[in-house]
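**Q** fold the stuff below for me.
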Amino acid sequence: QILPGHKKTKVVIQMLNEEAPPHDQLAFLLEGTPYRDVDHPNVLKLLGQCVETAPYLTILELCPFGDVKMYLRSHKIAVESFNEKGLLLKFACDMAAGLQALHQQGFIHRDFATRNFLLGSDLSVKVGDYRLSEEVFKEDYYFDENGDALPVRWLAPEVIHVGDKEGSVLLKHISKESNI
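**A** Residues are numbered from 1 along each chain as shown. Okay, the predicted model is just below:
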């Protein structure tokens, strides 16, 4: 049943594995916070969460054209036309506006890359992803000894610390300034 004043819409539902350990459960819940708290046209909207029983669910708005990286790759032939129409500049402005909205609310996006921006049906770009980037774009990440994915190529040099162990990479504090 639809609440009065609301319309039907297609959504994306993320589900956390029922056997996920507590730290993964917390990460799943915290990951949705900016999408819940920031109301901006260039930030993905979290429409709801089900956290009373397992499996945990997150309901997000659907962006039917997927992520910007794959969209541009699949439309290579049209990129020149996109450029002439100012679409690439619009994408960049939308990305910057979404990042600015996050910063104004105190959020930092630690993986600011086209794979983590989604295209709405009107080709507006929204900060956010459906938790698929690390799986789909494995080559874009360095996986540390804990299995955590670090987008080393896209991080500001001042936030990267090479550890004492051979080949270990750690992140220092990421600030708004290093996030741009």
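**Q** from now on I want contacts and neighbour counts done on CA atoms only, so please keep to that.
**A** Will do.
**Q** show me where pLDDT drops low in the chain?
**A** Residues of the chain meeting the criterion pLDDT under 70: 1-3, 131-138, 141, 164-167, 169-180.
**Q** need the contact list for Phe82.
**A** By C-alpha atoms under 8 Å, 6 or more residues apart in numbering, the contact list for Phe82 reads Leu88.
**Q** next one: the most centrally placed residue in the chain from Asn146, what distance?
**A** Closest residue to the average C-alpha location of the chain: Gly128 at 3.1 Å, with C-alpha atoms, centre = their mean. Per C-alpha to C-alpha, to the nearest Å, Gly128 is found 24 Å from Asn146.
**Q** now do the same contact list for the residue lying closest to Cys50 once chain neighbours are set aside.
**A** Closest residue to Cys50 apart from its sequence neighbours, by C-alpha to C-alpha, 6 or more residues apart in numbering: Leu57 at 4.9 Å. By C-alpha under 8 Å, 6+ apart, the contact list for Leu57 reads Ile13, Gln14, Met15, Leu16, Gln49, Cys50, Val51.
**Q** can you classify Lys126 by secondary structure?
**A** When classified by DSSP: H, G, I helix; E, B strand; the rest coil, Lys126 comes out as strand.
**Q** pretty sure it is touching Leu119, no?
**A** Yes - applying C-alpha atoms under 8 Å, one finds Lys126 in contact with Leu119, separated by 6.4 Å.
**Q** circling back to that earlier point, okay, and the beta partners of the residue nearest to Cys50?
**A** Assessed by DSSP bridges, Leu57 has beta-bridge partners Met15, Cys50.
**Q** ok, back up a step: of Lys126 and Leu119, which one has the most company?
**A** Neighbour count, other C-alpha atoms under 10 Å: between Lys126 and Leu119, Lys126 has more, with 27 against 23.
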